[in-house]
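Trainee: This is the structure alone, sequence omitted:
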């Protein structure tokens, strides 16, 4: 069966510090991968998605970046965090077919102080 | 482009009462529609999905949703609310191969 992992589960970082959040998927091949952010009271915001290794599409321009160094690994990064980067970050995967379910990881709670 | 709108950011019901969470979609083609639930500090979990096989879709935890093309709706219902149903619920649609979510509805269940 497929599983999706995210780490760390929680993170407290000072403003201006770097960020690296990791997501890995097991039990499937060539998934589409997604990073979402939930800020308080603002629903799900799609940040990045990837349909293959090295292929990243950005939905919202900001100081975050994403990379996909391996088929089932997706990394969210920042060189300098802002207060507004605080939120709950969710990684997700789905196969590329129209009716496929999207599966979510457990999330990372990021607090920038 | 396909999109969904959830009516009501907060819904409060008493335990044992009917749960009705509203979702309307906008789509020029037959949509694929989903309902997800999110408990505090957790990821989203699929409740049910509509893929045109049947208009009434049954999901987990006693939830169901009915696809109504004439009303462009996909409302989520449960006959009798439990305290454990308190969570945030998201409606979603597939748009050009990617999933797009509504703003979410927070369900509170009062004892």
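Mentor: All right, it came through fine. Owing to the predicted nature of the structure, the values given are computational and were not obtained by experimental measurement.
Trainee: what secondary structure does residue B:61 sit in?
Mentor: Of the three states, residue B:61 takes helix under DSSP: H, G, I helix; E, B strand; the rest coil.
Trainee: what sits against it?
Mentor: Shown in contact with residue B:61 (C-beta atoms under 8 Å, 6 or more residues apart in numbering or on different chains): B:37, B:47, B:78, B:84-85. Bear in mind the C-beta positions are built from the backbone N, C-alpha and C, glycine included.
Trainee: What's opposite residue A:46 in the beta bridge?
Mentor: Beta-bridge pairing for residue A:46 (DSSP bridges): residue A:36.
Trainee: That one against residue A:34, yeah?
Mentor: Yes. Look at residue A:46 against residue A:34 with C-beta atoms under 8 Å: they come within range, at 6.5 Å.
Trainee: Identify the contacts common to the two.
Mentor: Listed as contacting both residue A:46 and residue A:34 by C-beta under 8 Å, 6+ apart are residue B:98.
Trainee: From the contacts of residue B:61, keep the buried residues only.
Mentor: B:37, B:47, B:78, B:85 (16 or more other C-beta atoms under 10 Å in any protein chain shown).
Trainee: For the first one, report the pLDDT, please.
Mentor: Okay, so that is residue B:37. Per-residue confidence (pLDDT) for residue B:37: 97.
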